[in-house]
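A.B. asks: turn this into a model:
(chains A and B)
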Amino acid sequence: MIKFIIPFVMLSGLAISQQNLKDNFVPLKSSGTLPDVFTQNIRNVIQKDISDLNKNHENDKYIKSNYLTEANYEIEKIVKSGNTLINDEVTVYLNKVADVILKNNPTLRNELHIYTLKSPVVNAYSYDKGYMFIDIGLIAQVETEAQLAYILCHEISHYTKKHHIEGYVKNKKLDRQNYDRNGDDKLIEKCQYSKEKESEADVEGFRLFEQTDYNLKQAEKAFDVLQYAHLPFELVEFKKSFFETEYLKLPNGYFLKEVSSIRNNSNEDDTKLTHPNTAKRKQTVVDLIANRSNAGKVNALVGQSQFEYIRDLTRMELCRLYLKRRDYPNALYAAYVLANKYPNNQYVAEVISKCMYAISLYGKGSIRYNSDSYLENGIPSHSDIESYPQQLYHFINKVPSNEWTMLSLNYVYRTHKKFPSNQNINAYSDSLFKLVSQVNWGIVDFVRLSKKTEVVTETAKDTLATAAEPASKTDLIASIQKENNFKSYDTAYYKEMYLDLFMNDKEFIGKFPANGSSTTSSSSGFSSYSTSSKSSDSKTKKSKKGEYIKTEDKIQKVLLLEPFYLKIDESKEEEFQYFSSDKKQENYIVTVNNCAQKQNFELVTLDPGLVTSSDVDKVNDYSVINDWFSEKFDADSDDKNPIFNTNEIDNLVGKYGTQYVFKTGIVNYKSRSGKKRTYYYAFVYDIKKNEMIYKKFETFRDKDSKDLINAKVYQTFYELKHKK
Amino acid sequence: MRLMYLIYAAMFIVALSYGQSSGYMGKRLFFGYAFNTCPALWGSNANNKTISGTEGNAESGKIAFNVLHEGFFECILSSKWTMGLNARYYKTTYDNATMMVETNRDLIYNSRTTPEGFYTIKGLSYGLYFKLFTAKSVAPWGKYIQFGPVLNTANAFYNPNEMYVNAQTQYAVNYSYERRDTLLTDFGSQKQSYKGFNFMFGFGKSRIFYNKLIVDYGCNMYLLSAFPNIALTYKQDITTQNYIQKTINRRIRGINHFNAFIKIAYLI
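C.D. replies: Next comes the predicted model:
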């Protein structure tokens, strides 16, 4: 009996409970035991791989040993990046699909390590070590489990055919031998080789795929998914009614009468592409399908409902990933699509609220983009967008900034009323009230009557008089109520959008500014975190060296986030000195800890490279903070752009007992001519207040000597501790 | 009493430094030894040799350097400033080739002669100096400039058997003049002491090994020594009695005006 009970208990412990997407969504997280790649010594792994390579008497040993070094480090980097999901629902599902595909080949199945990557890109890739990474963006796009299975088959074929290492060897040989040829020739030759391998993987992948009971036609359809990967995961008409209420009817002028068609570039010139164009790839698969029987084949073997659930999880996660790169229109559209399916999902409503608020800030100039941002030119024009999403982009760009703020408040406040316990939505709502108070509108603007008033009574005349001379807030509210009683209308569409709230909602009345027109200054004069883009605290010291420290808080404890060390030597064929960097990084962590310890500085290290197999929580925490920084660094470092992709910062601050996150690293560079440069950086961010409180970036025309590093790191902690 | 004040002042500065500087891994005091050297191009070194050779008494040597030994104590005031005290000892010679003693002077016969031999100088300089480290450096690590006042003290010694002047002195004899050979060996006291102020300026770079050992290299110059003293030209009245007084500064300047150094210090 015990024999049966124990496995059952273990399995139930490992089982991941499904989320109820009708109500809410919790961002994807890793769980369970961390794989070996987290805990193993990578240098030992590489040495073993190279030793095996030497035993096998293979050609191109030097290049291949370089590949093994690079590939192992790259895999480690990806797995430990915080973007790789481990034992989460999606990854478990992907592995189930792989189990189905390779049910007759357990040896091969055991060689594979399949992970989900938190990336909005529509892509999947594999290494010759058997590691496969499937992007969230791809899973969100596929239409059936069978399509996903075919993509996995394609990636498995890359692995079995050793395409990655062969491509590496080919490219290295081309780089060595063809110095007399121009760059284009070399690129074309590399691309040609890559295309051959991709075509081979398409064919071999199909052969593996046809051994399963998946619908063969879905392999063909998978290429359509790739073809239209630049479009949202679902194309639905963006209806203006989404933002409308009984008292708000948006003008037709804000919306396009018709949207553009979708361009078909499936037959594009692929000379300089690593993959054949989709038309060719699709045709290859169509030819293969032609003579095969598809009888009894199905779209889902693991389960249709499970596939749809998993896909919706990735779509929900995708919204967060869009927020991470500050792509608010895409996040808004994705959330809009999801809201149609899950109208009561709190997470979706929160994403929309975040986007509305963010776009309000963007309109005020408080959220800015730069050349390093994902949206380097800001929110694109609708003319750059295809199909239904064009409508949303047109709407965003057409609505004047102040009106957007009012519309946002209308949506976010009503969402807050729908989910009153959601503190985030409440906070955005409050921030929007502040924004409204800074523009030239107040309650007084919502009591003006137009000359087209149909019924003008003595009372209504009084109302007009009241509007002309700003009265008390309660008087103004009363006038609105009177206005409603007499069914007076204003020409501006937004005048009545809050009417029901003014009538019935005391909280709204209490928070809404009384008379914005008479009290506001310019819209750029925001003061709070939510509306100020530049850090302009008077207590901030700034020196010529670009180093400044906020002085109001005494810092005694910081969270050290994965110290970084990189050595580059251009004089060597392999510029990136992986082994050396790795060893230096280990020493650097020791140095940082020593320097902190010497000054009684409390340091908590959060580094996926320093975890045990049971430290999955640390990996998740690292991921959250890393995502926070990703969004932060999409803007200028001095900008105080609000961070939307995570709500977990307060929890982490409580868990680790500090709101200060310390990022530091060293890059050592040696040029072909032997010139040496060492770059040292150290930043401390207050993740609770969303501001950088310490910055040091220095360049030395010197090697990365131990005394240099000791001196700089010790100085950093000294300055932090003594607020110097 | 003065000494007590000095000690109090030093303690105050050190206490101040602990409050403001990170030091190197928390260490803010160090002491050590410095080896200073400059080529003996024209002025002779302690062995009365010069690289260039002279027409005088100094021997020509391909490798002829002046050597100065220095002991110092330094404290770190801030991340950019250190303050130190040093004592620098050197021994050198004055090669008499370049200065002539006026041995006879009257309306008819005027004679100047270079003394034979050389005299020895033993010098001790005391300096108070400050180092200002560059923007990216952290005292005591990195590149810096240094400056500060210096008190030069020197003792000159000569041996009358080695240093003398063979002069012809003109005498009036029977309404005519007669010149006689005269050996002049009296250059005043055989041990003469001199003092003078100067101002040191220099730059250098220091590295730290094993978190305790400072290796510092660079150069320094005594600014007032870098410029020729117009008062000490050939045409001044130099007699055997004031010969050392008039020439010793020239040699002290020569040895101090530019030196390369390497310092070894211990961080405490």
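
A.B. asks: only C-alpha atoms for contact and neighbour calcs from this point on.
C.D. replies: Fine.

A.B. asks: mind listing what's buried in the longest helix that chain A contains?
C.D. replies: Of all the elements of type helix in chain A, the one with the most residues (DSSP state H) is helix A:183-210. Along helix A:183-210, the positions that meet the burial threshold by neighbour count (16 or more other CA atoms under 10 Å in any protein chain shown) are A:186-195, A:197-210.

A.B. asks: close to chain A: what parts of chain B are there?
C.D. replies: Residues of chain B found near chain A, taking CA under 8 Å from any CA of the partner chain as the criterion, are B:22-26, B:79, B:135-136, B:138, B:141-142, B:207-209, B:211.

A.B. asks: please indicate which of the residues you listed are buried?
C.D. replies: Members of these classed as buried by 16+ other CA under 10 Å are B:22-26, B:79, B:136, B:138, B:141-142, B:207-208, B:211.

A.B. asks: so which of the residues you listed belong to strands?
C.D. replies: B:Gly142, B:Arg207, B:Ile208 (DSSP state E).

A.B. asks: export those to CSV and tack on distance to A:Lys703?
C.D. replies: Rendered in CSV, the data for these read as follows (distance: CA to CA, whole Å):
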residue, distance to A:Lys703
B:Gly142, 12
B:Arg207, 12
B:Ile208, 14
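
A.B. asks: follow-up on the earlier one: how far does the helix or strand following the longest helix of chain A sit from its chain's centre?
C.D. replies: Elements were assigned by DSSP states H and E; along the chain past helix A:183-210, the next helix or strand is helix A:217-227. Average the C-alpha atoms of helix A:217-227, do the same for its chain, and the two points are 25 Å apart (CA atoms, centre = their mean, to the nearest Å).

A.B. asks: and helix A:217-227, what does it pack onto?
C.D. replies: The elements that helix A:217-227 packs onto, with contact taken as 3 or more CA pairs under 8 Å, 6 or more residues apart in numbering or on different chains; DSSP states H and E, are helix A:145-160, helix A:278-290.

A.B. asks: what helices or strands is the longest one leaning on?
C.D. replies: Taking 3+ CA pairs under 8 Å, 6+ apart as contact, the helices and strands that helix A:145-160 lies on are helix A:89-101, strand A:124-126, helix A:183-210, helix A:217-227.

A.B. asks: least reliable of the ones you listed by average pLDDT, please.
C.D. replies: When those are ranked by mean pLDDT, helix A:183-210 comes last with a mean of 86.

A.B. asks: just want the angle from that one to helix A:278-290.
C.D. replies: When axes from the mean of the first three to the mean of the last three CA atoms, to 10 degrees is applied, the directions of helix A:183-210 and helix A:278-290 differ by 30 degrees.

A.B. asks: helix or strand next in line after the helix or strand of chain B with the lowest mean pLDDT, which one?
C.D. replies: The helix or strand of chain B with the lowest confidence, counting by mean pLDDT, DSSP states H and E, is helix B:2-20 at a mean of 62. Next in sequence after helix B:2-20, counting helices and strands by DSSP H and E, comes strand B:29-39.

A.B. asks: who's in contact with that following strand?
C.D. replies: Strand B:29-39 has contacts (CA atoms under 8 Å, 6 or more residues apart in numbering or on different chains) with B:51, B:64-76, B:255, B:258-268.
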